[in-house]
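**Student:** Got a predicted structure here, sequence first:
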Amino acid sequence: MRVVVTGISGALARMVAQRLVARGHEVLGIDRRPWPDAPKGVTMAHADIRKRPAEDVFRKHHPDALVHMATVTHFSVGREERYRINLGGTKAVFEYCHAHGVKAAVFVGRHTIYGAAPDAPLYRNELEPPLAVATFPDLADLVAADLFAGSALWRWPEIDTSVLRVVYTLGPSRRGTLANYLGGPRVPTVLGFDPLYHFMHEYDAAEAIVLALEKRLRGIYNVAGAAPAPLSLLCRATGRLAVPIPEPIMPYVFGRFGFARLPPESIEHLKYPIVVDGRSFQQATGFRPQFDEVQTMDAFRWA
Amino acid sequence: MLDRLVDDEVRARLERVELPFNRYGLDEFGLSKDHLAWFYTLLGRLYHQYFRVRTFGIEHVPARGRFMVIGNHSGGLPVDGGMVLASCFFEMEPPRIVHGMVEKFAQYLPIISQLFSRWGQLPGLPEHAVRLLEADRPLMVFPEGARGTGKLYRDRYKLVRFGTGFVRIAMQTRTPIVPFAFIGGEEALPVVYHSQVLAKVFHAPYFPVTPYGLPVPLPFPCQLYYSEPMTFEGTGTESDEEVEQHVEKVRDRIAALIEQGRVRRRQERAAAGQGRAR
């Protein structure tokens, strides 16, 4: 297969690209950021996904499939730019797919769109509404991108679209939302709360994404690996010191004292769990995670 | 620090519990072996020494697989729930960790919400009940809910309205229902008044006030009666009338158990009184 990977210079996207190449696929990468030592079999295009050079990749190479990973979070990008990339970009790439006869598309989304709330069940399934809009308004663009990608199923039924809601990834790359939060030696937690965190090894996540493509999966799926772990254990097992802080002063310590910089709304995500049920993805694709939660935390710690 | 207070018996029993704990002693629902150890040590002290609970009919509780224990709320705080957990842990072989379905307001409280999660006491959502039962975990449900613990002393041992959700879930997941009656909680924690102000402070449905002020249970001996499991065939999607009939059967069984327990207690007291008189 000839596969376009958008946002290919991201840590997880590189792993997906390497896996695709290893399995004999041809990879066309699109990113504004460089990937200097891209392996053989990956053709890079330096382009913004919303601009003509990106569409040229589709026009010239007639790819069979798309893996859309060019979405950004509040960690790296401001609000306006985020809306342009996450919403404008997602719309653009699906339109390219439709216009240039792409047969399968995988949208790699996040499980955080379900939102953390005290009265939400553990193990959310795909039918649960995305509460993040209410509890963490800065995630609205990611929620909208997820729902828009899902709408491709009826908008362009000729494309086999799958929307993956992947839990946090951890691993040797030490990149990603959760790795960012666990970045420093001291991790701020909310005094009196110890939510379960759902995460998977980044190798497993890359494998899941490749599987979704190879199985021509259609529909919306949670992707999870092993069992969740309490935040306190996550800190302990990765060699971090959890520093419980009373909730009212939380917003003032972010970005100070060696703590990660987080938006104040993210406090809900430090108080309540977001745990998803990944069984239907496993049934649909036969995906079996290779790493359990303990091995995943070790891989992150000792990388 | 808490580790040193843990009873050796509790530790030995925890080793025999058939649950898939990982290397750090945690399972997929967030239960923690370390937290369970001191929690059950505390429950054991209350069960054996403080309330001197006597359990009858523990043989009716299945040793393996899923079940639901369903009973009356007795007393202004859910001490009854704690004693049911203790009886299934201390009187059964292998010991069973029972999951309670907790009133939702507890999730908002710092520390409490965290402890409940480590002890396997999850918020009372149907999704949790189904998921736990499908994993063959035992469940404890008080269908009276907060209406039950919110009873005043003058209404003791009168069952209030039962919710119907537990029967639907039992039918859907083919789970046997084990009815139980808890006797003594109402005397241990007599509630004479509900404070609206304090309830607001804690976001609780009510706040119990006792004749001596604080809502602290007294060391009153308690009894726990289990009866034979009941199973209801069906899918859980039946009409309300049909489900109500099953709920009534469970309710009647619990009411009979309560009566049986209170009669026995009266007889025992009378016998003890005669013994003293002689």
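**Tutor:** Right, received. Where do you want to start? These figures come from a predicted structure and were not determined experimentally.
**Student:** For the rest of this, base every contact and every neighbour count on C-alpha atoms.
**Tutor:** Fine.
**Student:** Spit out the contact partners of A:G150.
**Tutor:** A:161-163, A:219-220 (C-alpha atoms under 8 Å, 6 or more residues apart in numbering or on different chains).
**Student:** repeat that for 10 Å
**Tutor:** A:107, A:144, A:161-164, A:218-220 (C-alpha atoms under 10 Å, 6 or more residues apart in numbering or on different chains).
**Student:** ok, now how distant is it from chain B?
**Tutor:** Separation of A:G150 from chain B (C-alpha to the nearest C-alpha, to the nearest Å) stands at 24 Å.
**Student:** tell me which element that residue falls in.
**Tutor:** helix A:140-155 (DSSP states H and E).
**Student:** mind listing what's buried in that helix?
**Tutor:** Judged by neighbour count (16 or more other C-alpha atoms under 10 Å in any protein chain shown), helix A:140-155 contains these buried residues: A:140-146, A:148-150, A:152-153.
**Student:** Nearest to chain B, out of the residues you listed: which one, please.
**Tutor:** Taking C-alpha to the nearest C-alpha as the measure, chain B sits nearest to A:V143 out of the buried residues of helix A:140-155, at 23.0 Å.
**Student:** Tell me how far A:G109 lies from A:I220.
**Tutor:** Distance from A:G109 to A:I220, counting by C-alpha to C-alpha, to the nearest Å: 10 Å.
**Student:** rewinding a little: as a markdown table, the contacts of A:G150 with secondary structure and distance to chain B would be great.
**Tutor:** Shown next, in a markdown table, are the contacts of A:G150 (DSSP: H, G, I helix; E, B strand; the rest coil; distance: C-alpha to the nearest C-alpha, whole Å):
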| residue | secondary structure | distance to chain B |
| --- | --- | --- |
| A:F107 | strand | 28 |
| A:A144 | helix | 26 |
| A:T161 | strand | 28 |
| A:S162 | strand | 25 |
| A:V163 | strand | 23 |
| A:L164 | strand | 22 |
| A:R218 | coil | 26 |
| A:G219 | strand | 22 |
| A:I220 | strand | 20 |
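**Student:** Most neighbours among those residues, which one?
**Tutor:** When neighbours are counted by other C-alpha atoms under 10 Å in any protein chain shown, A:T161 leads these with 30 neighbours.
**Student:** my guess is it meets A:K215, correct?
**Tutor:** No: the criterion here is C-alpha atoms under 10 Å, and A:T161 misses it with A:K215 at 11.2 Å.
**Student:** hey, what's in contact with both of the two?
**Tutor:** Common neighbours of A:T161 and A:K215 (C-alpha under 10 Å, 6+ apart) are A:A104.
**Student:** that older thread, show me how far the helix holding A:G150 is from its chain's centre.
**Tutor:** 14 Å (C-alpha atoms, centre = their mean, to the nearest Å).
**Student:** Next, B:R154: secondary structure please.
**Tutor:** Here B:R154 is helix, with the state taken from DSSP: H, G, I helix; E, B strand; the rest coil.
**Student:** near chain B, which residues of the stretch 51-200 of chain A show up?
**Tutor:** Neighbours of chain B within the stretch 51-200 of chain A, by C-alpha under 10 Å from any C-alpha of the partner chain: A:117-125, A:190-197.
**Student:** Any of those residues buried? List them.
**Tutor:** Neighbour counting with 16+ other C-alpha under 10 Å marks A:117-118, A:120-125, A:190-197 as buried within these.
**Student:** biggest separation within the residues you listed, which pair?
**Tutor:** A:N125 and A:L191 (28.9 Å; C-alpha to C-alpha).
**Student:** residues contacting B:L122?
**Tutor:** A:121-122, B:29-31, B:99-104, B:106-107, B:113, B:116, B:128-129, B:132.
**Student:** do you know how far whatever residue of the stretch 51-200 of chain A ends up closest to chain B is from B:Q114?
**Tutor:** For the stretch 51-200 of chain A and chain B, the shortest gap (C-alpha to the nearest C-alpha) falls at A:G192, measuring 4.0 Å. With distances taken as C-alpha to C-alpha, A:G192 is found 7 Å from B:Q114.
**Student:** what residues are shared contacts of these two?
**Tutor:** A:K271.
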